[in-house]
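Colleague: sequence first, predicted coordinates after that:
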Amino acid sequence: MTVRTRFAPSPTGFLHIGGARTALFSWAYARKYGGSFILRIEDTDVARSTPEAVQAILDGMNWLGLNWDEGPFYQMQRMERYKEVIQKLLDEGKAYYCYCSKEELDAMREQQMTQGIKPRYDGRWRPEPVKVLTAKPEGIPPVVRFKNPQSGAVAWDDLVKGHISISNEELDDLIIARADGTPTYNFCVVVDDWDMGITQVIRGDDHVNNTPRQINMLNALGANVPQYAHLSMILGDDGQKLSKRHGAVSVMQYDDDGYLPEAVLNYLARLGWSHGDDEIFSMEQFCQWFDLDHITSSAAQFNTDKLNWLNAHYIKQADNAYLLKNVSQRLAAQGIENLTEPALTGVVELYRERANTLNELASGVMYFYRKPAVDALAVEKHITSEILPVIKALAGQLAEIEWTTEAIHAAIEHAVTSNGLKFPKVAMPLRVMITGGTHSPSIDAVMALLGRDETLSRIKAYIQ
RNA sequence: GUCCCCAUCGUCUAGAGGCCUAGGACACCUCCCUUUCACGGAGGCGACCGGGGUUCGAAUCCCCGUGGGGACGCCA
């Protein structure tokens, strides 16, 4: 059977890291088997769904390059179909109307909780052969409930977690249509997975408890039951659950923060999945290697340090044109726009090996285009009255020489040896004068790129 | 409370009964490289939650604890 997987987010917020990993795994599974990856927007919660959130999810998917083969399908556009299936279940006696009020249900739940049992609908409106139902109350629009089997167990072999079995006695007759007639989540999922011919449902393990209900409905409809793979959740850097209040951010935030999609993808792939000792791999390799057998069933904690390491790797690998475009955009956002002098390409080349993120790269490079902020402590420590005459003499030389890294290096070297000093004794004050701080690539290379005029101008600011 | 799931270095993980004196990666520490900081290179520190079984042999299988997480909506 051709593999058909899907990603089915509800558009109530951005695409976060957990959703992105679910999408990635579903996508990779379809790619590996030459199947189809379907995007479905579960927007039946009209109150919380927004078009902005739909767009945010699409943006996130696109940024990561998780392309879908079909969709996006919107559940709100499939209402007729859901209603048709609900009617079918009603007609076949597999679903029924329930006239309980919310207050009645709340009371039921509360009472069961105090009794220490699992809160369940007690089936008071469920028709049975010899049962006599109370009279329908006037003016209360009913909900529709699915007639869940009352005995036996639902079991499936979860592709991640193994065999799972849940007794039907744990389940109750869930509502499949609200009083206003709109279908509910669990029901829409069932109809969609059925209609769309989904073969593997790969989703977060917060859905494990929905699975037996969905299987029961699928069976009642005579539909094929797909295989299920429930992924464990991703915890924050601090080991805490990610939530809108705590730590959950949009994948697009990683873009803002200067991460490459390749790095995020590679990181996410390794979070909960492994292929021996492999740490760094392309999406092509991932799609070949990916399988559901090597997914961990326990929750994984996010680790920014490791993401940074991967990101640094991909920055080193990135082609120059890409970095240039990206870094100049980031600099432009800081108001630094005319990047002709010195050429950004050389500057980026000098810095790409030292940055964990594109933002670090952009900010590291900034002093080439703008007078640097000066670290007063560094000035005090390195620009001493003994060294100033040496620097002054050196500056005179620098005005004369050919402006290359080698020649500049030779000039500094000369200043060092002729004064009986160590190299850093001269290099450090130069670094502070030119870059404003004590950390930079080789100062001769920096000077060569910065240009003679600007270099001398920055030095002269200290030797008046 | 009830049900379900999970449990190897600080973190991500390898591990399908003997290959495990438990491997790799990030982080951390040391050293090397060096013009500072990075990069890079070489080392180091560091884990099978506890208790019972099963077995000649268990990180791996079973049971019981313990700890963590999830689910119990006319949300998805």
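Modeller: Cool, got the structure.
Colleague: how far away is residue A:97 from RNA strand B?
Modeller: Counting by CB to the nearest atom of the strand, to the nearest Å, the gap from residue A:97 to RNA strand B is 11 Å. (Each C-beta comes from the backbone N, C-alpha and C, glycine too.)
Colleague: buried sites along stretch A:147-164?
Modeller: For stretch A:147-164, a neighbour-count test (16 or more other CB atoms under 10 Å) marks A:147-148, A:154, A:156, A:158-161 as buried.
Colleague: what would the residues you listed look like in CSV with pLDDT, distance to RNA strand B and secondary structure?
Modeller: Shown next, in CSV, are the buried residues of stretch A:147-164 (pLDDT from 0 to 100; distance: CB to the nearest atom of the strand, whole Å; DSSP: H, G, I helix; E, B strand; the rest coil):
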residue, pLDDT, distance to RNA strand B, secondary structure
A:147, 95, 16, coil
A:148, 95, 13, coil
A:154, 93, 10, strand
A:156, 93, 11, strand
A:158, 93, 8, strand
A:159, 94, 12, coil
A:160, 93, 8, coil
A:161, 92, 4, coil
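Colleague: and the longest helix seen in chain A, anywhere near RNA strand B?
Modeller: Among the segments of chain A that qualify as a helix by DSSP state H, the longest is helix A:17-32. No. Residues of helix A:17-32 contacting RNA strand B under CB under 7 Å from any atom of the strand: none, with a closest distance of 9.9 Å.
Colleague: can you give me the mean pLDDT across that helix?
Modeller: Averaged over helix A:17-32, pLDDT sits at 95.
Colleague: return the residues of the stretch 351-464 of chain A in contact with RNA strand B.
Modeller: Contact residues (CB under 7 Å from any atom of the strand) of the stretch 351-464 of chain A with RNA strand B: A:353-354, A:409, A:412, A:423-424, A:427-428, A:431, A:438-445.
Colleague: using ChimeraX, define a selection of the buried residues within these.
Modeller: Those of these that count as buried under 16+ other CB under 10 Å are selected in ChimeraX with:
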select /A:409,412,427,428,431,440,441,443,444,445
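Colleague: just the ones of the residues of the stretch 351-464 of chain A next to RNA strand B in helices?
Modeller: Per DSSP H, these map to helices at A:409, A:412, A:423-424, A:427-428, A:431, A:443-445.
Colleague: so how far is RNA strand B from residue A:367?
Modeller: For residue A:367, the distance to RNA strand B - CB to the nearest atom of the strand - is 13 Å.
Colleague: count of neighbours near that residue?
Modeller: Neighbour count for residue A:367, taken as other CB atoms under 10 Å: 19.
Colleague: can you tell me which two in the buried residues of stretch A:147-164 are farthest apart?
Modeller: A:147 and A:160 (30.0 Å; CB to CB).
Colleague: follow-up on the earlier one: how about the ones in helices among the residues of the stretch 351-464 of chain A next to RNA strand B in TSV, adding pLDDT?
Modeller: Rendered in TSV, the data for those read as follows (pLDDT from 0 to 100):
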residue	pLDDT
A:409	93
A:412	92
A:423	91
A:424	91
A:427	93
A:428	94
A:431	95
A:443	94
A:444	93
A:445	94
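Colleague: which one of those is nearest to residue A:392?
Modeller: residue A:412 (13.6 Å).
Colleague: distance check, the closest one against residue A:437.
Modeller: Applying CB to CB, to the nearest Å, the value for residue A:412 to residue A:437 is 18 Å.
Colleague: which parts of the stretch 1-150 of chain A are helices?
Modeller: A:17-32, A:51-64, A:79-91, A:102-114 (DSSP state H, counting those that start in this stretch).
Colleague: looking at it, residue A:54 is touching residue A:40, isn't it?
Modeller: No. Contact between residue A:54 and residue A:40 fails when scored by CB atoms under 8 Å: they sit 11.5 Å apart.
Colleague: ok, back up a step: which one of the ones in helices among the residues of the stretch 351-464 of chain A next to RNA strand B is nearest residue A:341?
Modeller: residue A:445 (16.4 Å).
Colleague: just give the number of residues close to the nearest residue to residue A:199 once chain neighbours are set aside.
Modeller: Counting by CB to CB, 6 or more residues apart in numbering, residue A:4 is the residue found nearest to residue A:199 once chain neighbours are left out, at 5.0 Å. Neighbour count for residue A:4, taken as other CB under 10 Å: 21.
Colleague: likewise for residue A:6?
Modeller: Neighbour number of residue A:6 under other CB under 10 Å is 29.
Colleague: partners of it in the sheet?
Modeller: With DSSP bridges as the criterion, residue A:6 is bridged to residue A:38.
Colleague: hang on, it packs against residue A:195?
Modeller: No. Residue A:6 is beyond contact range of residue A:195, at 11.2 Å (criterion: CB under 8 Å).
Colleague: distance from stretch A:408-417 to the middle of the chain?
Modeller: 50 Å (CA atoms, centre = their mean, to the nearest Å).
Colleague: how about the residues of the stretch 151-300 of chain A by RNA strand B?
Modeller: A:161-162, A:164-167, A:170, A:175, A:178-180, A:184-186, A:205-210, A:232-233, A:235, A:239, A:241, A:270-272, A:274, A:276-277, A:279, A:293-294, A:296-300.
Colleague: any of those residues buried? List them.
Modeller: Those of those that meet the buried threshold are A:161, A:166, A:175, A:184-186, A:205, A:208, A:232-233, A:235, A:270-272, A:300, by 16+ other CB under 10 Å.
Colleague: tell me the secondary structure at residue A:457.
Modeller: Under the three-state scheme (DSSP: H, G, I helix; E, B strand; the rest coil), residue A:457 adopts helix.
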